[in-house]
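> Have a look; sequence and predicted model below, questions after that.
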Amino acid sequence: MAEPRPSQEALALDAADALAPMRGRFHLPRGPDGRTAIYLCGHSLGPQPAAAATAVREVLDAWAELGVRGHHEGTSPWLRYHERFAPGLGSLVGAMPANVVAMNTLTVNLHLMLSAFYRPSAGRHRILIERGAFPSDRHAVVSQLHHRGLEAASSLIEVGPADAAGPIATEALLAAIEEAGDSLALVLLPGVQYLTGQLLDIATLTDAARRVGAVVGWDLAHAIGNVPLAIEASGADFAVWCHYKYLCAGPGAVGGAFVHPRHAGGHGLRRLAGWWGHELATRFRMGPDHVATAGADGWQLSNPPILSLAPLAASLDLYREAGMTPLRAKSLSLTAFCRRLLEARCPDQVAIVTPRADAEHGCQLSLRLAGGAEAGRRAYARLSEAGVICDWREPDLIRIAPLPLYNTHAEVDHAVALLSSALD
Ligand SMILES: *Cc1c(COP(=O)(O)O)cnc(C)c1O
């Protein structure tokens, strides 16, 4: 592949980018030719922040030097280690620090929330999700139904888009919520849909579901660190997410959860409990009865995997430094630029599935190729060979996500040029 020559426009946009230095704070993977790849896969696994190794090293050093005393001594004692993440996570999801916690992994957190918040009765037992939900979310919901002796056929409502893998209309979701009415126990939706990149109207949908008396949970896996969020103000009961996508905290990183402050005491929820959710003041008296910590911390079960938590500190520092408002502005610029180039250079071969309006998307664009799945797979393989890292999702989508923390307009320009030649 010839050396890229980015357009004047791409170069001018990058020259004016105040966030440009953030790119140097990441280890970016190399492509097959040994040069830095064009990494457009942060929606799946974020690249490694350079400071991640230091954060992990600090924990290893404290363990080596202090042994068990590391729980109470050193710069970040493990007893309260998880607390350092709450302010950063709270600001990313739009919640007070007391109402968020880094713990477990996404699907585990989803089960914890569903086990407490899904309280079916004879009349109110239905759960509403989107058709085409991320498989793990559907598995969690269906297995929770089975756990209560219920069946998906009668207790699960799945609302799909008009076009099989297109965006879901807010009106369709609102109509389904209205129709289910007082049979609706719980609504679980994605903040940003993983396949299409559609950003849902969290405030409107939460409000509608709560008005019919349902509990509302959000899966923010593809939303946190991607788009500005105001989960607490929306009134949602809970949210869960992972940190290995936009948050760059590493493969299998510890996940996160939000619980609305009206549930701070956990009353009436019959939630599952473990010792790390017991209030700190009396936890080590080792008494038989559980006294929950107020807020999201009360949902913890085990003492957390400190080594797996450590890299999150590095990426939250980067988010704090960059600021979500400038990140979103650059993200909109990158994604709009990408869309414009795709529309100009491959108008007949590429259909962009992701909605166009700013309020309805984050970084990601999902591309469906005119030649169908086979053409899509071939173009994806050629992009990979040319050093563009993105992903292919069955049945027929290429997902690309330019991220404002480390991508440039020149990279977007180059990637679209490569895609357009891969389609020839
Ligand atoms: C990434 C993702 C998951 C992954 O679940 P883990 O428990 O972290 O393996 C689940 N749901 C959604 C919507 C996702 O985007």
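Nice, thanks for sending it over.

> Please count neighbours and contacts with C-alpha atoms only from this point.
Noted.

> how about the strands in the stretch 101-250 of the chain?
Applying DSSP state E, counting those that start in this stretch to the stretch 101-250 of the chain gives strands spanning 126-130, 156-159, 184-190, 215-219, 238-241.

> Out of those, which one sits most buried?
Comparing the strands of the stretch 101-250 of the chain by mean neighbour count (mean count of other CA atoms under 10 Å), strand 238-241 ranks first with a mean of 28.

> Give me the helices and strands touching that strand, please.
Judged by 3 or more CA pairs under 8 Å, 6 or more residues apart in numbering; DSSP states H and E, strand 238-241 is in contact with helix 106-117, strand 215-219, strand 256-259.

> and of those, who's closest to the ligand?
Within the helices and strands packed on strand 238-241, the stretch nearest the ligand is helix 106-117; the backing value is 3.7 Å (CA to the nearest ligand atom).

> Make TSV out of the strands of the stretch 101-250 of the chain and add distance to residue 16.
Shown next, in TSV, are the strands of the stretch 101-250 of the chain (distance: least, CA to CA, whole Å):
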stretch	distance to residue 16
strand 126-130	40
strand 156-159	43
strand 184-190	34
strand 215-219	34
strand 238-241	33
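
> Turn those into JSON lines, including mean pLDDT and distance to residue 24.
Formatted as JSON lines, those follow (pLDDT from 0 to 100; distance: least, CA to CA, whole Å):
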{"stretch": "strand 126-130", "mean pLDDT": "98", "distance to residue 24": "39"}
{"stretch": "strand 156-159", "mean pLDDT": "98", "distance to residue 24": "43"}
{"stretch": "strand 184-190", "mean pLDDT": "98", "distance to residue 24": "31"}
{"stretch": "strand 215-219", "mean pLDDT": "98", "distance to residue 24": "31"}
{"stretch": "strand 238-241", "mean pLDDT": "98", "distance to residue 24": "27"}
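
> export these to CSV and tack on distance to the ligand?
Output for the strands of the stretch 101-250 of the chain, formatted as CSV (distance: least, CA to the nearest ligand atom, whole Å):
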stretch, distance to the ligand
strand 126-130, 11
strand 156-159, 15
strand 184-190, 6
strand 215-219, 6
strand 238-241, 7
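
> hmm, back to that, could you single out the most deeply buried of the helices and strands packed on strand 238-241?
strand 256-259 (a mean of 30).

> pLDDT of stretch 323-336, averaged?
Stretch 323-336 shows a mean pLDDT of 98.

> Equivalent analysis for stretch 46-56, please.
98.

> Please point out which parts of that stretch sit buried.
If you call a residue buried by 16 or more other CA atoms under 10 Å, then stretch 46-56 has these buried ones: 46-52, 55-56.

> could you redo these as JSON lines and give each row distance to residue 270 and secondary structure?
Below are the buried residues of stretch 46-56 laid out as JSON lines (distance: CA to CA, whole Å; DSSP: H, G, I helix; E, B strand; the rest coil):
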{"residue": "46", "distance to residue 270": "36", "secondary structure": "coil"}
{"residue": "47", "distance to residue 270": "39", "secondary structure": "coil"}
{"residue": "48", "distance to residue 270": "39", "secondary structure": "strand"}
{"residue": "49", "distance to residue 270": "39", "secondary structure": "strand"}
{"residue": "50", "distance to residue 270": "42", "secondary structure": "coil"}
{"residue": "51", "distance to residue 270": "40", "secondary structure": "coil"}
{"residue": "52", "distance to residue 270": "37", "secondary structure": "helix"}
{"residue": "55", "distance to residue 270": "36", "secondary structure": "helix"}
{"residue": "56", "distance to residue 270": "36", "secondary structure": "helix"}
